[in-house]
Structures are given as C-alpha cells and as structure tokens.
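1. With the sequence up front, the predicted model follows.
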Amino acid sequence: MHFKELSIIPPILRALREAGYNQPTPIQQQAIPPVLAGRDLVGCAQTGTGKTAAFAIPIFQRLSATPVAKQRKIRALILTPTRELALQIYQNFVQYGSHLPLRSGVIFGGVSQEPQVRELQRGVDVLIATPGRLWDLMGQGFIRLGGVEIFVLDEADRMLDMGFIADVRRIAKSLSTRRQNLLFSATMPDEILGMVDEMLSSPVWVRIDPEIPTVEAIRQTVYFVDKAKKIRLLEHLLKAELDDSTLVFTRTKHGADRVVRMLGRAGIKALAIHGNKSQNARQNALEQFKNGHIKVLVATDIAARGIDINELGYVINYDLPNIPETYVHRIGRTGRAGREGMAIAFCDIEERPYLRDIEKLMGKQLEELPNTLYPPTATEPVPPPMPRPSAKLKRGEQAAASNSPSKTARQRRRRPRRRPEGRPPNRQD
Ligand code: AMP
C-alpha cells in the first residue's frame, strides 16, 4: 500500500517522501482513514509503531481544509506525558507539515516559559504540550483552547502512571465539546477505559501489537555471569566487541548511575537517563547519544520508554527485568524498521527464574554466548541475610527464624517466579 491510496494531499505526500517513508505502517493504514473522516479513535499502540504520523497526517490534512486565519488559534492539541515525547512529536509535526502553511508549537515544563510564551503569541495552529506546563500557562492567560477542533491524548496509560490524569481531565473540560478526540495508549487499564467512555464518542478502535514483528528481527543472546562480574563483562564488550550505539538497561536509578561511574573509570564515556535526572540532563544525554557523541546510554525502563532512537545497534539487559513483557519492550528499542539488532542479556544465578519467564513468553531459548573471560562461578543463589535475633524480636518470630527451612527454599518463596494477575509493577525506580 502507498500513502496515495489513503487520499493524502500532495504537500503532505511530498513531506513523507522527503522523510523517506515508502509505505504507511499498519497503524497508519488503519487510523488515517477514520481520522480523516472525522471519527474519534482509540489506538492501542506504543511508540515505535509510527503512531505519531498516524495522527499527525490526518490532523494536518483536516486543518488544511480551511484556510489559515489571520489571527491563528490553536486548532489541534496534543497532550503527551514527557518533555522528550513532546519534542519528538513536535519534530515530527514540523517534518510532516513542512510544505503546509500551518504552524506547530511545543511547550513543556522544566525550562523557562518565556520563549514558549513568545512562540504562542506569534500564533500556532497545532500545540504539543505536557499537561503541567499547559495548565500553568492556561492559568496565566497565555493559552485559550476554545478553538480546538482535534484533541489527542498520547500515551494515556503513562499519563496515569505519572499522576497527570487529573490535569488531563481539567484541560479536557476547557475544550469545546464539539471536537474530535484521539486517544493512544500502549495498555488499557480500567481508568483509561473509563476516560474513553467519558470523553470519546463511538470511537473506532485500532490495535497494533508491535512486539512480535519487531523482536523477530533481533538476535537475542544471553551471557551467564556472576552479578559481581557484570561490570567487567560490560566493559569488555563495549571496548572490544560492540561497534555501535548501545542502550544499557538497569533496574534502578542507583544502578544506572553506578554503571556510568564504573564505565567512566574504565575510560568509557556513558551517560544515564532516569527519573532523578533533571529534564535538561536527560535531554542532553539523549541528544549526545542520538548524535553519536556518546556510544553508551544507561537507562531505567520508565525513562527509556517512548524514546525514539533510530540508530541503535545493541540493547543490553544489565539486570534482567522480573516482568518478561518489560524485556520485550526493552529489546524492541533495537532492530527497528527492518534494521538488524542485537539484544544481550546478562543473567546471574538469581535471575535464572526471570530468564525462564522471558523464554516462555518469547517461545524460544535465548542464544547462549560463551563467557570465557568471566565464567559464572555461582551455582546456587546467594541467600539473603538471616535476620539477627534481637531483644526487640518477639519470641515467636525468633523461633520462626531459627526453624526456617533451607535458605534457598526460603529465598525461592520470597521471589515468586512468576507473578499472576495483579502483579506489582516492575521494581524499577
Ligand atoms: P513513532 O511510533 O511515531 O514514534 O514512530 C517511530 C519511528 O518510525 C519514527 O522514527 C518515525 O520517523 C518512523 N516512521 C513513522 N512512520 C513511518 C513510515 N511510514 N515509514 C517509515 N518510518 C516511519
């Protein structure tokens, strides 16, 4: 299929050609026609599927049907949870709209509002915003949303996770009720389904699962290695084996900082992105990684989700996630758009159950790579420290501690191998 078959207007087709897009992705094929027809839409899809163009193209086309007024007003509003996503979406809008007279703008928190206010005062037709800064500027009287014809709620589930849903509801209330609504979410928890019922009218549903096609192109490998030797193995791989940009995942923010520090000592320049870093630090790290100044980025899951990095050769799971789906999301960062990618998992003895869960989900075993430099020595999980009997410990507890079964068995009970429904979110930050 070609974009032409979706009745896209020539200036947009030209921009898509210049962007190097030959064919619409599945979500574009499914979403563009109903959005062009003015329907509300729910897209179950995540970043990496081409979903930004799936809403940007028909938005531009619908807005282009009316000539631009002298006094521009915001006619399309896109709400997205993070600064990184806001910037990415903005860049896409600028690209797809490069041959149109429409203007796009972006606002997000964590930076001075002055340049953003100036941009708004010049007038924009499309505004991409994070909820906090938008609400703030609305309160200061810099933004009027009465003219919004199309409202997009992007990454709705992540908005929920990040506690932005109250802001989103307040913002949505200030929009005209005669508007078109598009909602995108990778998952559909009950709260989001509730919002769909509340805000959208007879929406078309489009569901795209990018995971299977994406990860099929990826060579998935594993090194068995002791926890204490992971850093040495990583240093070795980065120095001697991996010749392309590498994204390293750790479970915690602290772990990410530690890896960056240790790599620095070994002369390998790396930067971390995680929730404790300022917006500026995260953006800076991302830019340096994207433009090739640093080859190694160390990230936690939440910070990395949604980041669009095209030139990514390797993903390293420095810590294996305890939720197998998280593994799929992580490795989906490489091997994009038909490019070959390689995922490398570091698995210590305590992570073996996680590896089994991952292999079960993938329906295959990961390819074991020989670890001749740092072969694993541990054959039994390291037991957790025994609670020290103290005066404060009640007698029953003391007895229970001393009568406890073998350490390994106790530990196994502490770490459920697979969490059924209602499992807690991935231990991460
Ligand atoms: P998104 O899911 O919107 O973040 O898009 C993921 C990546 O796919 C971005 O780098 C886009 O530039 C790229 N992309 C979007 N649509 C297409 C397409 N039809 N053909 C090729 N690449 C695309």
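-> Yes, it's here. Numbering: from 1, shown residues only.
2. can you count the residues close to the closest residue to residue 51 other than its chain neighbours?
-> Computed as CB to CB, 6 or more residues apart in numbering, the closest residue to residue 51 that is not its neighbour in sequence is residue 45, at 4.8 Å. Where you see a C-beta, it was placed from the backbone N, CA and C, and this is true even at glycine. For residue 45, the neighbour count with other CB atoms under 10 Å is 23.
3. hang on, residue 45 packs against residue 186?
-> Yes. The criterion here is CB atoms under 8 Å, and residue 45 meets it with residue 186 at 7.0 Å.
4. Please, which helix or strand holds the residue of the stretch 51-200 of the chain found nearest the ligand?
-> Proximity of the stretch 51-200 of the chain to the ligand (CB to the nearest ligand atom) peaks at residue 52, 3.2 Å away. Following DSSP states H and E, one finds residue 52 within helix 51-64.
5. The nearest residue to residue 205 once chain neighbours are set aside and residue 157: what is the separation?
-> Among residues not flanking residue 205 along the chain, residue 42 sits closest, at 5.0 Å (CB to CB, 6+ apart). As defined by CB to CB, to the nearest Å, residue 42 lies at a distance of 12 Å from residue 157.
6. So if I had to pick from the two, which one is more boxed in?
-> residue 42 (24 against 19).
7. what sits against the more buried one?
-> 182, 183, 184, 185, 196, 200, 203, 204, 205, 206 (CB atoms under 8 Å, 6 or more residues apart in numbering).
8. again, only this time at 10 Å
-> 31, 153, 156, 181-185, 188, 192-193, 195-196, 200, 203-207 (CB atoms under 10 Å, 6 or more residues apart in numbering).
9. same deal with residue 159?
-> 79-82, 130-131, 153, 165, 167-168, 185, 191-192, 195.
10. ok, the residue nearest to residue 205 to the ligand distance?
-> Here the criterion is CB to the nearest ligand atom, to the nearest Å. By it, residue 42 lies 16 Å from the ligand.
11. Quick check: pLDDT value at that residue.
-> For residue 42, the pLDDT comes out at 97.
12. elements contacting the host helix or strand of residue 31?
-> Here residue 31 sits within helix 26-36, counting by DSSP H and E. Where contact means 3 or more CB pairs under 10 Å, 6 or more residues apart in numbering; DSSP states H and E, helix 26-36 is packed against strand 41-44, helix 51-64, strand 180-185, strand 204-207.
13. want to try a markdown table for these, with distance to residue 289 as columns?
-> Converted to a markdown table, the helices and strands packed on helix 26-36 look like this (distance: least, CB to CB, whole Å):
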| stretch | distance to residue 289 |
| --- | --- |
| strand 41-44 | 28 |
| helix 51-64 | 20 |
| strand 180-185 | 25 |
| strand 204-207 | 31 |
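14. tilt between the helix holding residue 52 and helix 26-36?
-> Inter-element angle recorded for helix 51-64 and helix 26-36: 20 degrees (by axes from the mean of the first three to the mean of the last three CA atoms, to 10 degrees).
15. what mean pLDDT does helix 51-64 have?
-> Mean predicted lDDT for helix 51-64 stands at 97.
16. For whatever helix or strand comes next after it, name the packing helices and strands.
-> Counting by DSSP H and E, the next helix or strand C-terminal to helix 51-64 is strand 76-79. Judged by 3+ CB pairs under 10 Å, 6+ apart, strand 76-79 is in contact with helix 51-64, helix 83-96, strand 104-107, strand 126-129, helix 131-139, strand 150-153, helix 165-173, strand 180-185.
17. Show me the helices in the stretch 251-400 of the chain, by range?
-> 253-265, 279-290, 301-304, 324-331, 352-362, 395-402 (DSSP state H, counting those that start in this stretch).
18. tell me which parts of this structure are close to the ligand?
-> Counting by CB under 6 Å from any ligand atom, the residues of the chain close to the ligand are 21, 23-25, 28, 47-53, 308, 310, 337.
19. which of the residues you listed are buried?
-> Among the residues of the chain next to the ligand, those scoring as buried are 21, 24, 25, 28, 47, 48, 49, 50, 51, 52, 53, 308 (criterion: 16 or more other CB atoms under 10 Å).
20. Which pair in those has the greatest spatial separation?
-> Farthest pair in these (CB to CB) is 24 and 308. Separation: 17.6 Å.
21. Please look at residue 253 and residue 282 and confirm they touch.
-> No. Applying CB atoms under 10 Å, one finds residue 253 not in contact with residue 282, separated by 11.7 Å.
22. what about these two, which has more around it?
-> residue 282 (23 against 20).
23. From residue 304, how far out is that one?
-> Residue 282 is 10 Å from residue 304, by CB to CB.
24. Find residues that contact each of those two.
-> In contact with both residue 282 and residue 304: 84, 273, 274, using CB under 10 Å, 6+ apart.
25. burial count for residue 340?
-> 10.
26. Grab the nearest non-local neighbour of it.
-> The shortest distance from residue 340 to any residue other than its chain neighbours is 6.4 Å, reached at residue 217 (CB to CB, 6+ apart).
27. buried ones in the helix holding residue 52?
-> 51-64.
28. Ok, stretch 117-126 next?
-> Buried residues in stretch 117-126 (16+ other CB under 10 Å): 119, 120, 124, 125, 126.
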